[in-house]
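>>> A structural model of the following input is requested.
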Amino acid sequence: MSFRELVESDNHEIFMNLDELAEERSIRYDGTLYESIPVVLTGAEEQARNRLSHDHAEGLYRVTSILYCPAEALGGCTPEQGRTVEIHENGTFFYRYRVERSVCEMGMLEMELEAIDE
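Model (predicted):
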């Protein structure tokens, strides 16, 4: 078995294992709904956001998260920077994030996501 095959095997059997680290979520990207995708969503860190002098919206924070999922789960596409990704939270609610960075390595998609929250 090659190194690449070993990494892909570990990604699917360990990192994306629903009994261990991953959880199933639905993701909406570019008008398409991808259902029941195994993902690892980390972070959800709140940070003070940079405010401009004419910005009077108080109480809003920037939330950053990192999402990992198999590359084939989104139809083989890598979301582009600046585009919107919506991730199913509960019920019918989808949380909307902006893609800050995305990269596909060894069959795994890694997206740095950002949102504004209260």
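>>> what segments of this structure are helices?
For the chain, helices defined by DSSP state H occupy the ranges 3-10.
>>> what's the average pLDDT for the longest strand seen in the chain?
The longest strand of the chain (DSSP state E) is strand 32-48. Confidence over strand 32-48 (mean pLDDT, whole number) is 80.
>>> show me what that strand is packed against.
Contact analysis of strand 32-48 by 3 or more C-beta pairs under 8 Å, 6 or more residues apart in numbering; DSSP states H and E lists strand 23-29, strand 61-70 as its packing neighbours. C-betas here are computed from N, CA, C, even on glycine.
>>> helices and strands around the helix or strand bottoming out on mean pLDDT in the chain, which ones?
Every helix and strand of the chain was ranked by mean pLDDT, DSSP states H and E. The lowest is helix 3-10, at a mean of 73. With contacts defined as 3+ C-beta pairs under 8 Å, 6+ apart, there are no secondary structure elements packing on helix 3-10.
>>> check which residues of that helix are buried.
By neighbour count with 16 or more other C-beta atoms under 10 Å, helix 3-10 contains the buried residues Glu8.
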